[in-house]
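J.: With the input below, show me the fold.
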Amino acid sequence: MRAIYLIARREFLSYVATWGFWLSLASVPMFMALGIGMPILIENSQPTRYYVLVDETGGRLEAALEAQAEASRAEDLERTREAMREMFGDLPQVEAALAAQPQLSDERYLRVDVGETELDALRPYLTGGASFTAADGGHSLFAAVFLRQDAEGAIEVDYWSTNVSDGGLRSQIRNSLRDYMQTQYLIDAGVSPDLIETAGGLSPDVRELNPERTGDTAEVTAAERIPLIVSAMTAFGLWIIIFSVVNMLLTAMIEEKGNKVLEMMLASTRHHEILTGKLIGVAAVSATLLIVWGGMALLGTFGVQQVAAAADVPIAEILAAVLDPGLLLPALGYFIIGYLMYGAVFLAIGSLCETLQDAQTLMSPMMLIMMVPIFLVMMAIDSPDSPIVAFASWVPLWTPYLMLARLPHEVGMVEIIGTTAGMIAFAVFVIWGSGVLFRMGALNQANQDTVKGWFKIGGQKKPA
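T.: Numbers count the residues shown, from 1 in each chain. The predicted model follows:
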């Protein structure tokens, strides 16, 4: 036991007692924050596009564009309200907050008047040969848009711009005029404009109800939906953590074998003590990662809960669903078993190789096996009862991820117990087999060519 403890301690300190470990530890929350904030930053940092609109119909199509833009802003506001209702229900605080900001507009495109309406006069502004003065300085034109309508009512748009990558303004104008043409067609056919507006505002009131409950408690709440998303995200997180830590085992083993450190360890300890100590040591490293990241998440959760409580938002119920022991405890168990399975395999692979280049040939099939559950988890989000997902859940190497994603969907107890028992039995077999292979590789009784030879069928024997 002391040898196992010393090896585990050595493995743990070799990672934790380095600046790189703590920098990488801090980098994950930073990259998560960047992943959330970067799209917002990119959207807010987009340059303002100035354009000229020339309506050759006397202002009729220009007025139609303004009306459609106003309708689009109202539709965006309604979609935001609907999303907030899905999350928090019909709270007066949410409605008041949205009512305080009723205007949702795209300020990336601003219409200006440079005093010219002919294309030849506008061309220098479009090509950079001339500029006009705005509030923030001189600018060239992003686009010049000419609107016209023939005698039969067909609308033509000439969109002049040297920028062929940003098609947002072009799409806005096309969509707005398409809606206008469709509405005008109905009006010309004798349909009242008020009737069209009323019809456009009609929408059903859909309630999602659970047949296992009755009365007011039958309605499905946000707290019931969120665990479905959290379970899938936890499955992805489990995959990332296991993949990261088993790579630590692989690279460390190859490095120690190449530097003859493994041979010195074998002089004083047995191979199974080295295998067990390394698994425990790197497991302690991953536990450190989980404790630090979990502590940050709890601090952030506490802050969000305080703010939400002040705004009367029922986020406590949502957090209770996220921190449900029925999800966290299985996640911990699946992590331990999955880590032991994959960790033992990667240690065995590392013991057979002298360099990382040698390991790549043996890593390819393992990478394919590890990539499959990523696609199956995405399938399980929408179709947890799919026969493919249900069958794949019985594959022990994929069980930790798929069953974790399926747990909130009321999977049968027989399936939970059966897949877990199969996974544990397979893990024991894999650890035993990896131990044998690790001993052979550590003692130089086998290498990557030995493994390749197992898959050769009907090969020619070497001459005596």
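
J.: If we ignore the residues flanking it in sequence, what's nearest Ile7?
T.: Gly277 (2.7 Å; C-beta to C-beta, 6 or more residues apart in numbering). Placement of C-beta: from N, CA and C, glycine included.

J.: Can you check the pLDDT for that neighbour?
T.: Looking at Gly277, its pLDDT stands at 80.

J.: Would you agree it falls within a helix?
T.: Yes. The assignment for Gly277 (DSSP: H, G, I helix; E, B strand; the rest coil) places it in a helix.

J.: Could you count how many residues lie near it?
T.: Gly277 has 23 neighbours, counted by other C-beta atoms under 10 Å.

J.: Verify the contact between it and Ser14 for me.
T.: No. Judged on C-beta atoms under 8 Å, Gly277 makes no contact with Ser14 at a distance of 11.9 Å.

J.: Would you mind giving the domain segments of the protein?
T.: The chain breaks down into these domains under automatic domain parsing: 2-33+222-454, 49-200.

J.: Not counting stretch 257-273 itself, show me its contacts.
T.: With C-beta atoms under 8 Å, 6 or more residues apart in numbering as the test, stretch 257-273 has contacts from 3-4, 7, 253, 255-256, 274, 277, 350-351, 353-355, 435, 438-439, 441-443.

J.: Please check those residues and keep the buried ones.
T.: Among the contacts of stretch 257-273, the ones that count as buried by 16 or more other C-beta atoms under 10 Å are 3-4, 7, 253, 256, 274, 277, 350-351, 353, 435, 438-439, 441-442.

J.: follow-up on the earlier one: please produce CSV containing the domains of the chain, extended by distance to Pro211.
T.: Formatted as CSV, those follow (distance: least, C-beta to C-beta, whole Å):
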stretch, distance to Pro211
domain 2-33+222-454, 13
domain 49-200, 20
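
J.: State the distance from the residue lying closest to Ala130 once chain neighbours are set aside to Ser140.
T.: Using C-beta to C-beta, 6+ apart and skipping residues adjacent in sequence, the residue nearest Ala130 is Pro124, 3.8 Å away. Computed as C-beta to C-beta, to the nearest Å, the Pro124 to Ser140 distance reads 9 Å.

J.: So for the two, which residues contact both of them?
T.: Common neighbours of Pro124 and Ser140 (C-beta under 8 Å, 6+ apart) are Ala130.

J.: Determine the three-state secondary structure at Thr288.
T.: helix.

J.: what pLDDT does it get?
T.: 80.

J.: from what I can see it touches Leu13, true?
T.: No. In terms of C-beta under 8 Å, Thr288 does not count as a neighbour of Leu13; the distance is 11.2 Å.

J.: quick one: which of these two has more around it?
T.: Between Thr288 and Leu13, counting by other C-beta under 10 Å, Thr288 is the more crowded of the two (16 against 13).
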